[in-house]
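Engineer: Structure for the following, please:
(2 chains)
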Amino acid sequence: MSEWVVDAVEADLDAFHLGPVDLTLQSGRAVAVLGSSGAGKTTFLRTLAGFLPLRRGRLLRDGVDISDWLPEERSLGYVPQGLGLFPQRTVFGNVRYPMELRGRLDANVRTEALLERFHLTALKHRHPARLSGGEQQRVALARALAAEPELIVWDEPWQALDVEARRELGFVLSDLREAEGIPVVVVTHDPGLAFSLADSFIVLDHGRVQLSGGPLDLLDRPSNAFVARFVGYENVFDRAALEAGRERPFTSWLLAASGSEGVALGTPVALPTIGVPSTWEGVVRSARPNPEGVRVEVTVDDLLVAVRLPRPWPVKLPAVGDRLRFNLDAEMVHPLGTGARGAR
Amino acid sequence: MSAGVPAVAPPHRRWRTGPFWVALQIALSGSLLLLFLLPIFALFTYAPVSRIVAAAGNVQVREAIGVTLYASGIAVLASALLAIPLGYLLARKRFFGRAVVESVVGLPVVVPHLMVGLGLFLLVLPGSPLYAITNAIGFPVYDTIWGVVLVMAIVSAPYTVLASQLSFEAVDGRVLESARSLGAGPGTTFLTVTLPVALRGIVAGLLLTWARAVSEIGGILILAYAIYPGGPYNGPVTSTISVYIYNLFQQGDLADAAAVSSLFLLIAFALFLAVRLAERTGWVPWRRGDLAP
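Structural biologist: This is a model prediction of the structure:
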């Protein structure tokens, strides 16, 4: 399988500027492209797929510069948002399409095999409009594979899928890169699936790469509030909000730890036993039990902080107005924005 | 709670259309349908069935209907060939003067069709350069089937341009990008994806074009009042069915005018009904993959 190198790629779409983006993708690797809407994720994918010309930089496949190649020459399975299924063709016709283009004599046999693999055989005479979201997703993937791509580029694979279908698609994609070694680039908003599938991440913001690295890089130095929330930080504070309450002890302590954009806190563990020395105390606003324990929201200096009561369950759930103590270690505090520790 | 009648109306009741609105809808739609049907009713009541049957057996009537269907068929083919590409251009390309082009496309629909005929007549007047050229290349226009085709195509092709423009605009660009990425070049993408997806709207436009072509009279009265043999038509001297009926009316032969009109109405209705039924069965290619009803 091939190795792909995105070398300082820049592109323009109307007034929007993307890049420079650097990325190396080896066989069997998966990259998730993250970012809020308008960050340039789709623009990046369309540039990879050949629908936007490169302004600067190069795109290499196995050392060959394919920057000027047409989309149909790139051997790259691009699945756009909304999947781009052919509405007038049946499931069978959709999956068969790439092989028709190549004039393959075994097109029917191979189509049947792909339909079998993605559990679509029973649906093969249906048109896309009559399929569920998960079924459409499988058709899109089967069709992309029918073209024997050397890279799969997928914009929002999990969009509009229910929980079960998401899990299933995650398995299918993981299986794909493990079994066939096809590297995968996905744009996603779903952190759970991004972490389960991808081994590296690119965070885009206003067309620029904010962060690229593995999952631990993301957790250790979330570059901004978006990334912090994305990777699962429940307590993300904007610097401006902290400035407003700077005379108060907890707020000023957070402010001291903040970067230019604010700070993210790991969810602290509450200490239910009275008498244990602990740094902070908050007033309970809500308490919601979950499989890991109880998620409690407390206010400290007008700031809402999520804390966790680990299992076993407390005898009595904290009630609104109760006081709850918690500890914050320095490792749990991550500055956001420039001035952030270890940020690039 | 013995009778099983809920004390409170179930919530879906509130979304059911009230009787007033149903009545209003029926009244408005009914009035329009009545407007369509009343003149037809008048035609059929004026002409006894025996007259209609006689008209169907009349050689001159058959020739007029035949030449009308023939010429309109050619006009539709010409529209497909010339108007669909223009629709595609207007849908996909941004170019200088696009608004002017769009307005020009609208012109033949707006102006009285006598003007179209008059303009063409002046162009191919005996003695004009075009008269000589068209005759030399075997494309004589004045009082031939070509003249009929020309008028029909001009006044009806705008419907195909507009319909195909709208249909091409409605094709999702992301579907086209998938096709490209799967290995189809621009031409293949057009033929295998763009055109099939847009086909339904284009066919609707072609049907309108055909209907408009068949019903044309204004331009034909001037350019091809009579149709002499020549070009693809080798029968006796005849005229389009519209001109034929007009002549009957001019001669005061109301009963025959009504009978021939009724006959042609039946034919046109049968053709339209056949197309609609074919669409409902779903075997026509342009209705495949529709959303579930």
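
Engineer: From now on I want contacts and neighbour counts done on CA atoms only, so please keep to that.
Structural biologist: OK.

Engineer: Nearest residue to residue 135 in space, please, no chain neighbours.
Structural biologist: No chain specified, so I'll use chain A. Residue nearest to A:E135 in three dimensions, not counting chain neighbours: A:L120, with 7.6 Å by C-alpha to C-alpha, 6 or more residues apart in numbering or on different chains.

Engineer: think we crossed wires, I meant chain B
Structural biologist: Leaving aside its chain neighbours, B:N135 sits nearest to B:V141 (7.8 Å; criterion: C-alpha to C-alpha, 6+ apart).

Engineer: Can you read off the pLDDT for that neighbour?
Structural biologist: Note on B:V141: pLDDT of 87.

Engineer: likewise A:E234?
Structural biologist: pLDDT for A:E234: 88.

Engineer: and A:E234, what is it in contact with?
Structural biologist: Applying C-alpha atoms under 8 Å, 6 or more residues apart in numbering or on different chains, we find A:E234 in contact with A:264-267, A:306.

Engineer: what about the strands in the stretch 1-150 of chain A?
Structural biologist: Taking DSSP state E, counting those that start in this stretch, the strands of the stretch 1-150 of chain A run over residues A:4-13, A:16-25, A:30-34, A:56-61, A:64-65, A:77-79.

Engineer: Of all the ones you listed, which one is nearest chain B?
Structural biologist: For those, distance to chain B was read as C-alpha to the nearest C-alpha. The smallest value, 5.9 Å, belongs to strand A:77-79.

Engineer: helices or strands next to the closest one in the packing?
Structural biologist: Under the contact criterion of 3 or more C-alpha pairs under 8 Å, 6 or more residues apart in numbering or on different chains; DSSP states H and E, strand A:77-79 touches helix A:133-146, strand A:152-155, helix B:173-181.

Engineer: Which residue ranges of the stretch 51-200 of chain B form helices?
Structural biologist: Assigned by DSSP state H, counting those that start in this stretch, the stretch 51-200 of chain B shows helices spanning B:59-92, B:98-110, B:113-123, B:129-136, B:145-170, B:173-181, B:186-189, B:195-214.

Engineer: Residues contacting the last one, please?
Structural biologist: It stands for helix B:195-214. Contacts for helix B:195-214 (C-alpha under 8 Å, 6+ apart): A:86-88, B:68-69, B:72-73, B:75-76, B:79-80, B:84, B:152-153, B:155-164, B:166-168, B:170-171, B:285-287.

Engineer: Same question for the third one.
Structural biologist: Outside of helix B:113-123, the residues that reach it under the criterion C-alpha under 8 Å, 6+ apart are B:108, B:130-131, B:142, B:151, B:155, B:217-223.

Engineer: chain center to it: distance?
Structural biologist: Helix B:113-123 sits 21 Å away from the centroid of its parent chain (C-alpha atoms, centre = their mean, to the nearest Å).

Engineer: and if you look at the fifth one?
Structural biologist: Relative to its chain's centre, helix B:145-170 lies at 8 Å (C-alpha atoms, centre = their mean).

Engineer: same deal with the first one?
Structural biologist: Computed by C-alpha atoms, centre = their mean, the separation of helix B:59-92 from the middle of its chain amounts to 9 Å.

Engineer: and the angle from that helix to helix B:98-110?
Structural biologist: Using axes from the mean of the first three to the mean of the last three C-alpha atoms, to 10 degrees, the direction of helix B:59-92 lies 160 degrees away from that of helix B:98-110.

Engineer: Helix B:59-92 and chain A in contact?
Structural biologist: No. Helix B:59-92 stays clear of chain A (C-alpha under 8 Å from any C-alpha of the partner chain), getting no nearer than 15.6 Å.

Engineer: Check which helices and strands that helix sits against.
Structural biologist: Where contact means 3+ C-alpha pairs under 8 Å, 6+ apart, helix B:59-92 is packed against helix B:145-170, helix B:195-214, helix B:241-250.

Engineer: The last one to helix B:195-214, inter-axis angle?
Structural biologist: Right, helix B:241-250. Per the same axes, to 10 degrees, the angle that helix B:241-250 makes with helix B:195-214 is 20 degrees.

Engineer: mean confidence for helix B:241-250?
Structural biologist: pLDDT averaged over helix B:241-250 gives 94.

Engineer: for chain B, what are the low-confidence residue spans?
Structural biologist: B:1-16, B:282-293 (pLDDT under 70).

Engineer: hmm, try it at 50
Structural biologist: By pLDDT under 50, the weakly predicted segments of chain B are B:1-2, B:291-293.

Engineer: Can you name the residues that contact the residue nearest to A:E135?
Structural biologist: Applying C-alpha under 8 Å, 6+ apart, we find A:L120 in contact with A:91, A:135, A:138-139.

Engineer: which of the residues you listed has the most neighbours?
Structural biologist: A:V91 (30 neighbours; other C-alpha atoms under 10 Å in any protein chain shown).

Engineer: Hmm, A:R130 and that residue touching each other?
Structural biologist: No. Counting by C-alpha atoms under 8 Å, A:V91 sits too far from A:R130 to count as a contact (10.1 Å).

Engineer: Which residues does A:V187 form beta bridges with?
Structural biologist: Counting by DSSP bridges, A:V187 forms beta bridges with A:V33, A:D155.

Engineer: That one contacts A:S36, doesn't it?
Structural biologist: No. Contact between A:V187 and A:S36 fails when scored by C-alpha under 8 Å: they sit 10.6 Å apart.

Engineer: between these two, which one's more packed in?
Structural biologist: Neighbour totals were compared for A:V187 and A:S36, and A:V187 leads with 24 against 16 (other C-alpha under 10 Å).

Engineer: which phi and psi does B:G30 have?
Structural biologist: The phi/psi pair for B:G30 (degrees, to the nearest 10) reads phi -60, psi -40.

Engineer: Give me the neighbour count for it.
Structural biologist: Using other C-alpha under 10 Å, B:G30 is surrounded by 12 other residues.

Engineer: Distance of A:G321 relative to chain B?
Structural biologist: 39 Å (C-alpha to the nearest C-alpha, to the nearest Å).

Engineer: and that residue, helix, strand or coil?
Structural biologist: Secondary structure state of A:G321, per DSSP: H, G, I helix; E, B strand; the rest coil, is coil.

Engineer: tell me the contacts of it?
Structural biologist: Neighbour list for A:G321: A:283-285 [criterion: C-alpha under 8 Å, 6+ apart].

Engineer: How about the contacts made by the closest residue to A:A198 other than its chain neighbours?
Structural biologist: Spatial nearest neighbour of A:A198, chain neighbours left out: A:A30 (4.6 Å); criterion: C-alpha to C-alpha, 6+ apart. Going by C-alpha under 8 Å, 6+ apart, A:A30 touches A:177, A:183-186, A:197-200.

Engineer: ok, how many other residues are close to the nearest residue to B:A132 once chain neighbours are set aside?
Structural biologist: Setting aside the residues directly before and after it, B:A132 is nearest to B:P126 in space (C-alpha to C-alpha, 6+ apart), at 7.7 Å. By other C-alpha under 10 Å, 12 other residues sit near B:P126.

Engineer: gap between B:P126 and chain A?
Structural biologist: For B:P126 relative to chain A (C-alpha to the nearest C-alpha), the value is 51 Å.

Engineer: Need the phi and psi values for that residue.
Structural biologist: Residue torsions, per degrees, to the nearest 10, at B:P126 are phi -50, psi 130.

Engineer: what's residue 146 in contact with, if anything?
Structural biologist: I went with chain A, as the question did not name one. By C-alpha under 8 Å, 6+ apart, the contact set of A:A146 is A:95-96, A:98-99, A:110-111, A:114.

Engineer: Not quite, go with chain B.
Structural biologist: B:W146 is in contact with B:71, B:139-140, B:231, counting by C-alpha under 8 Å, 6+ apart.
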